[in-house]
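Student: One predicted model, sequence on top.
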Amino acid sequence: NAGVMQNPRHLVRRRGQEARLRCSPMKGHSHVYWYRQLPEEGLKFMVYLQKENIIDESGMPKERFSAEFPKEGPSILRIQQVVRGDSAAYFCASSPVAAGVPQHFGDGTRLSIL
Amino acid sequence: QQQVKQSPQSLIVQKGGISIINCAYENTAFDYFPWYQQFPGKGPALLIAIRPDVSEKKEGRFTISFNKSAKQFSLHIMDSQPGDSATYFCAARGDTGNQFYFGTGTSLTVIP
């Protein structure tokens, strides 16, 4: 099953550390979306990337958060100097084309901040 | 501000019954409305979706009803089964096409 793969599935960090979340899209998909889910809430859009380009980062906090999708390798969501409020499930989705196709989600990374 | 409002928050239905989940939106630029099913520890999985020029779409036991004038849409699960127990999210695609706005989810429990 070559679905959207995210790792790690669980990540524990202490306040002030860095968190790196990885997402490998489905085979043939060059569009990646990151969403964050807080407990008892729906998913909130963070960023949309194509290979080597950030297309829309309107949902991403301006500080401490960054994302990339290099030519080779997985997409990375990076959170620097994590705080307790960053604790959430982070989901990645991919699609083969922009906008017009339903998104397929990975099983997420559960980030816990001590 | 919640762009897509979903109700109820939780729902308990007897096996064989009909589960109905409702969503409402304000932004008339939204142009695609999917429903997702999420099991604990898993990512959302696309269930069924509809465009606003269609009033109803059916796939197996799942039906979306769409009322464009009222800016409301709903998911109906016919002959609900215990295996349908999950959290369901409605969503709407924004006018840039880059993001979906999600409802807050409905936890469905189907009891035998």
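Tutor: That came through fine.
Student: Select the helix or strand of chain A having the lowest average pLDDT value.
Tutor: Ranked by mean pLDDT, DSSP states H and E, the helix or strand of chain A with the weakest confidence is strand A:104-105, at a mean of 82.
Student: how about that strand, does it reach chain B?
Tutor: Yes: Strand A:104-105 reaches chain B (C-beta under 8 Å from any C-beta of the partner chain) through A:104-105. For glycine as for every other residue, the C-beta is placed from the backbone atoms N, C-alpha and C.
Student: what packs against that strand?
Tutor: Secondary-structure packing of strand A:104-105 (3 or more C-beta pairs under 8 Å, 6 or more residues apart in numbering or on different chains; DSSP states H and E): strand A:88-95, strand B:45-50.
Student: Just checking: what are the partner strands of that strand?
Tutor: Looking at strand A:104-105 with DSSP bridges, its partner strands are strand A:88-95 (antiparallel).
Student: Now do the same contact list for residue A:96.
Tutor: For residue A:96, the contact set (C-beta atoms under 8 Å, 6 or more residues apart in numbering or on different chains) comprises A:26, A:28-31.
Student: Equivalent analysis for residue B:32, please.
Tutor: Taking C-beta under 8 Å, 6+ apart as the test, what residue B:32 contacts is B:49-51, B:92-93.
Student: Find the residue closest to the residue nearest to the spatial centre of chain A in space, skipping its chain neighbours.
Tutor: Compute the mean C-alpha point of chain A, and by C-alpha atoms, centre = their mean the closest residue is residue A:34, 3.7 Å away. Nearest residue to residue A:34, sequence neighbours excluded (C-beta to C-beta, 6 or more residues apart in numbering or on different chains): residue A:46, at 4.4 Å.
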